[in-house]
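Trainee: mind looking at a prediction? Sequence and model below.
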Amino acid sequence: AIVGQAFPRTKIANPSRFIPDWTFDIFDRELQELVDQIREEEKPDAVVVISHNGMDVDLAMASRVSGIDVILGGHTHDGMPQPTIVKNNAGQTLVCNVGSNGKFVGVMDLDVRGGKVHGFKYRLMPVFSELLAADPAMTKLIADIRAPYSDWLNEELAVADEVMFRRGNFNGTFDQVICNALREQLDAQVSLSPGFRWGTSVLKGQMVTMEHVLDQTCLTYPETYVRPMKGSELKLILEDVADNIFNPEPYLQSGGDMVRVGGFDYICDPAKPVGSRISEMTLDNGEKIDMNKEYKVAGWATVGARSEGPDIWDVVADHLRDKKVARIDKLNTPVLKSVAGNPGIAAYPKV
């Protein structure tokens, strides 16, 4: 039996105006009732949940809802080489994540005898797409769809001065390009960009094309904005997003990565409670951000009312056309506190 679990924060992480009549959440009691009903009435050999919760939420859900044999999860893009075995009232649940962007295929073989799972074998198989022959019919379909836009997609905008990626938890080089484009093209002191974790990396010396920019920015609410914000409002935004990531209660985490910033740096202490994680917000010129002072802020991908500015891909493309070289002079990455010994943050400055 297969049960689906949608991302519970859909109406928070995306514009609710797109889905005004839909409701999303983690309904533990209803899920338990459903699993119990399925097992009682349909008597399946195994119950599998396909989830978009994120790894931390899946682990918590597996401990609180019994009767699920396997949770195959997504959202946090974790490539886990082995399932995590979570104990619960009915025995145990296997929780798996297989990464993102088609890099791996997770293969789960279950040993089912007498209507019950007795064991498993799991493999995380890497996908080497260049070694797999493309389906001719699908190749033609894609080529036909792309044909009217090929000149636009293939426009060469700038040469990458270093690897341009968008995967870091707090920032990435392509994130910085986006933030710099917002500041320079829209004449802002500070810029904000959402912590999405997708987009094809561009190698050093490779030409950044319009398709690369679209690959990094394409979504259904791409409009940019420019508006004044007090320092206190900037801090509130950072604190809110940080709580989505670091809240100790997994069900209150929305997953994702930290909002990317341009034009200032800060210190982040993930171990602190909400409201106290962000400190020492400092502009690139060394000036401390004043909580009572207004700053001109540019951003995009608002989940509230629709913004009226140009689409982000046009802003970034204009920026790269002007620069000719995609270069990062300063990466606005925070200093992290209370993270000593955590191998996941080895690449970040820390105190």
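Mentor: Nice, thanks for sending it over.
Trainee: how is the chain divided into domains?
Mentor: 2-129, 133-345 (automatic domain parsing).
Trainee: and these as CSV, adding mean neighbour count and mean pLDDT?
Mentor: The way it works is simple: take the backbone N, C-alpha and C, and place the C-beta from them, glycine included. CSV is the format used below for the domains of the chain (neighbours: other CB atoms under 10 Å; pLDDT from 0 to 100):
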stretch, mean neighbour count, mean pLDDT
domain 2-129, 16, 93
domain 133-345, 17, 94
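Trainee: helices of the stretch 101-250 of the chain, start to end?
Mentor: Using DSSP state H, counting those that start in this stretch, the helices of the stretch 101-250 of the chain run over 136-146, 150-153, 173-185, 210-217, 231-246.
Trainee: nearest to residue 261, out of the ones you listed?
Mentor: With CB to CB as the measure, helix 173-185 is the member of these nearest residue 261 (6.6 Å).
Trainee: what does that closest one contact?
Mentor: For helix 173-185, the surrounding residues in contact (CB atoms under 8 Å, 6 or more residues apart in numbering) are 162-166, 168, 188-193, 199, 201-202, 216-217, 224, 260-263, 298-300, 312, 315-316, 318-320, 326, 328, 330-332.
Trainee: same check on stretch 204-215?
Mentor: 152-164, 199-200, 202, 313, 316-317, 320, 326.
Trainee: which residue, other than its chain neighbours, is closest to residue 96?
Mentor: Leaving aside its chain neighbours, residue 96 sits nearest to residue 83 (4.7 Å; criterion: CB to CB, 6 or more residues apart in numbering).
Trainee: oh, I was asking about residue 186
Mentor: residue 298 (4.2 Å).
Trainee: residue 297 - that's part of a strand, no?
Mentor: Yes. According to DSSP: H, G, I helix; E, B strand; the rest coil, residue 297 belongs to a strand.
Trainee: quick one, what contacts it?
Mentor: 188, 189, 190, 191, 192, 226, 227, 228, 229, 234 are the contacts of residue 297 under CB under 8 Å, 6+ apart.
Trainee: was I right to think residue 73 contacts residue 51?
Mentor: Yes. Applying CB atoms under 8 Å, one finds residue 73 in contact with residue 51, separated by 4.4 Å.
Trainee: quick one on the thing from earlier: mind listing which of the contacts of stretch 204-215 are in strands?
Mentor: 156, 157, 158, 159, 160, 326 (DSSP state E).
Trainee: okay, and the beta partners of the fifth one?
Mentor: Listed beta-bridge partners, residue 160: residue 326 (assigned using DSSP bridges).
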